Each structure stands twice: as C-alpha cells, then as structure tokens.
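Q: Everything below, folded, please.
(4 chains)
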4 protein chains.
Amino acid sequence: MNANYKACLEAGFNCLEACNICFHACLKEEHPEKLTKSIELTRECADFCSLAIAAMQRSSIFVKDICGVCANICELCGNECKKHDHEHCQKCAEICFQCAEECRKLSA
Amino acid sequence: MNANYKACLEAGFNCLEACNICFHACLKEEHPEKLTKSIELTRECADFCSLAIAAMQRSSIFVKDICGVCANICELCGNECKKHDHEHCQKCAEICFQCAEECRKLSA
Amino acid sequence: MNANYKACLEAGFNCLEACNICFHACLKEEHPEKLTKSIELTRECADFCSLAIAAMQRSSIFVKDICGVCANICELCGNECKKHDHEHCQKCAEICFQCAEECRKLSA
Amino acid sequence: MNANYKACLEAGFNCLEACNICFHACLKEEHPEKLTKSIELTRECADFCSLAIAAMQRSSIFVKDICGVCANICELCGNECKKHDHEHCQKCAEICFQCAEECRKLSA
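A: Predicted coordinates for the structure are as follows:
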C-alpha cells in the first residue's frame, strides 16, 4: 500500500469511529431533536470514510477524487458537531477536522 | 446469478430504499425524539440489506448465513416502525416484513 | 425522495447488479488473468454505486459531488469491460455507461 | 462504546486492511488465475468486517449475530489464503484467524 496514505488512513479510521460513536450517543441524549443534523451527518461521514479507507487500502486510482469529496463531508460534519456541547460531539468535530485536513492533502 | 434469489433481491432493494427514506423522513419529523429507535434500526437494516444484496449478486457461499441475520434485523426494524403512524414508518414496516420473509426462505 | 433521482437510482441499481455479476463471472472464467482490471473496477464501481444509491435515497446534500465521482468510476469500468467479449462484460459495459450518463446529469 | 469490543474492533480493522491489501496484491501477481478464490474471499471478508466494525462502534443489538457470521467468513478466507505462499496471503491468513477468534468470543 502507498506509504503516503498512512496518515490519512489513520485519520479515516479515527473519524469512522468517532462518527459512529457520536451517531449512537446523539440518539441516546435527552434532547435528540436538537441533534438531527449531527445524526444525519455523522452517518454520512462514517459511510464515506469507510469507502475512502477501502479505496486507499486497495490502491484505487480514484483515491484523489474520493478523498476530495470526503474532505468536504468531514468538514461539514465537524462544523455541525462543534455546535453541540456534548463531549462526543466535540470530540467528533475535532477528529472530523483532522480527517478533512488529511483528505485535503491527498486530494491535492 | 442464482434464479432463486430473484424475489429476495427485489425485496432487499425495496427494503433498502424504504429504510433510507424512512431514516431521513424521521429526522425531519416534528418530534424526532419519539423516533430514535426507528432512526437507529432503519440505518442498521439499510446497511445490512445492502450487504445481503451484494452477497446474492455475487453468489456468495454465505448467502444463507447472511440472509438469516438479515431476516432478524428486518423483522425488528419492521416491529419498531409499525408503532409509528407516519406514512413512511408504516410503509417501511410493511416492506421490512416482506424482506424478512424472503430472507427467511433463503436462509432455511 | 427527490423525483429527479428516479432515473439515476434505477441506473445505479442496474449498475450495482451488473458489476457484481460481472465480478463473480470474471473470477469463474477460463482465463481470469486477462480480466484483472475488470475484476478490480467492477468491485470499485459496485461499491461506489452502492454508496451513491444510499445518498440519493437519503437526500444527501452531497448527491452532486458523489454522482460526479460515480460517473467517472462507471465510465472507466465501462471502458475496461467493453474490451472483453464475454457476455457479462459487454452487458456490464453498456449498463455502466448508462449509469455514468445519469450520474453526469445529476452532478451537473 | 462497550469496552469488551476493543480487541475485536482492533482485529477487525487489521483484517479489513489485510484483506483489502491482499485482494489488490493478488490481482497484480504473475498468476492471478491461481488466486481467484482468495480474490473472492478477501473481498467478502473485507466487506463483512467493515459492517461488523460499524455494528460494534454503534453498539448494535445485533453484534453477536453479526460477529458469528463474521467469524465463519474470516475463517474460510484465512483457510484459503494460507494455501498460497505470497507474503500478503500468509499475512492475511494469520490476521483473518485472529479476527475469527475475536469474533467467535463476542458471538458466544
């Protein structure tokens, strides 16, 4: 596997995990009605990160294109999650921004 | 592709679509806080149906095992969705039960 | 769900199926060593179509971006498959090009 | 997230990566025609591990069922890959068996 993918792969794994954890935790919060955008975007972000991870692991020739879209999704998800004070949302936001940054580098 | 899979594949496609539509519609309802279990299960059911569809299309030797689990997930998702009066929940429940039935046949 | 997605969703379902069938059939051919690019690309195309289908069904705000990448993947997969005379390859190519066209429209 | 999932999650991540790398490397070998079963099973195993990972991360109530099937897929994939001397096949086999063992524990 391309050694240049290492940092992005790790960021992708972290983002997949943070998004799935945040998704589930949002649904268990006292006021999930305030978190519907986070619920929507953490699902979207997790699903796309999962695809991006597989693309890197298989040395897909579409890694650049895929990481370009992934960066946009991670960024939007991070922007939404950082609005909410729950620890899982704040952590998810931070990790989404890291993944967006790594994806941006690979897509350049 | 195995002709015996035809009915189950069609049920799986319908279930994937109904679950994704219901997931999104639940998040847009006035009281999503009453629908958190549906939101959780429609995601789970859509993701698993997607995998089951691919397994059938590729004539996986694990079709029986996969459809066995899929039937359980579809059934639980249907049981949850049928508790809610929204049209998308009622429709989703009906389609989940059809998919559960077809998956059960293939897993027998 | 957005009615404009109907044609692309149907093309996506057909492409997912054609790619998964072609992937499996290529592995069973007498000379799979001549089909390694098709095997690689039909997997890639099936996986991406699966994600694009879910994005449309959930009215994702990233449908345009996702369909833009999907069109490129479908086109490359079609170009590769049409080089091979096997019926499943020729059929897959035709369906990939249809999907590429519908994705291109949505991403415009 | 359930702390009991930690070892299985890590094994799942490793297995997803080893299978995707092995899949791609098999297609680039001089004699891919001898590796068609590995190609088929590493895809199947990677896709199922990906789903199992997401299920654990979201604390799905189907984790036991999903890990039960995952253990069978990992084991079969490992049995196939260990037949081949390529380093990526041997490594993949070893990691598949570890994942099968962890999945088996969780499904018990």
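
Q: what ranges do the helices span in chain A?
A: Per DSSP state H, chain A carries helices over the ranges A:6-28, A:36-57, A:63-81, A:87-107.

Q: tell me the phi and psi of residue A:62?
A: phi -100, psi 10 (degrees, to the nearest 10).

Q: same question but for residue A:85, I mixed them up
A: When read as degrees, to the nearest 10, the backbone of residue A:85 gives phi -80, psi -10.

Q: circling back: out of the helices of chain A, nearest to chain C?
A: helix A:63-81 (4.7 Å; C-beta to the nearest C-beta). Yep, even glycine has a C-beta here, placed from its N, CA and C like the rest.

Q: hmm, back to that, deepest of the helices of chain A, which one?
A: With neighbours defined as mean count of other C-beta atoms under 10 Å in any protein chain shown, the helices of chain A peak in mean count at helix A:36-57, which reaches a mean of 25.

Q: on contacts alone, who are the packing partners of it?
A: Applying 3 or more C-beta pairs under 8 Å, 6 or more residues apart in numbering or on different chains; DSSP states H and E, one finds that helix A:36-57 makes contact with helix A:6-28, helix A:63-81, helix A:87-107, helix B:6-28, helix C:36-57, helix D:6-28, helix D:36-57.

Q: Please write out the alpha-carbon positions of that helix in CSV.
A: Extracted as CSV, the C-alpha positions of helix A:36-57 are listed here (Å, rounded to 0.1, in the frame of the first residue of the first chain):
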residue,chain,number,x,y,z
THR,A,36,-30.9,15.7,14.0
LYS,A,37,-28.3,17.4,11.7
SER,A,38,-25.5,15.7,13.6
ILE,A,39,-27.2,12.4,13.4
GLU,A,40,-27.7,12.8,9.6
LEU,A,41,-24.1,13.9,9.0
THR,A,42,-22.3,11.5,11.3
ARG,A,43,-23.9,8.7,9.3
GLU,A,44,-23.0,10.2,6.0
CYS,A,45,-19.4,10.9,7.2
ALA,A,46,-18.9,7.4,8.6
ASP,A,47,-20.2,5.8,5.4
PHE,A,48,-18.0,7.8,3.2
CYS,A,49,-14.9,7.4,5.4
SER,A,50,-15.5,3.7,5.3
LEU,A,51,-15.4,3.8,1.5
ALA,A,52,-12.3,6.1,1.4
ILE,A,53,-10.5,3.7,3.8
ALA,A,54,-11.2,0.8,1.5
ALA,A,55,-10.1,2.8,-1.6
MET,A,56,-6.8,3.6,0.0
GLN,A,57,-6.2,0.1,1.2
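
Q: and that helix, average pLDDT?
A: Mean per-residue pLDDT for helix A:36-57: 98.

Q: of all the helices of chain A, which lies closest to residue B:102?
A: helix A:36-57 (24.9 Å; C-beta to C-beta).

Q: Name the nearest residue to residue A:34, ignoring sequence neighbours.
A: Sequence neighbours aside, residue A:84 is the residue nearest to residue A:34 in space, at 7.4 Å (criterion: C-beta to C-beta, 6 or more residues apart in numbering or on different chains).

Q: what's the answer for residue A:65, then?
A: Residue A:65 sits nearest to residue C:69 (C-beta to C-beta, 6+ apart), 4.7 Å away.

Q: Now for the one you found: which residues touch it?
A: Taking C-beta atoms under 8 Å, 6 or more residues apart in numbering or on different chains as the criterion, residue C:69 is in contact with A:62, A:65-66, A:69, C:48.
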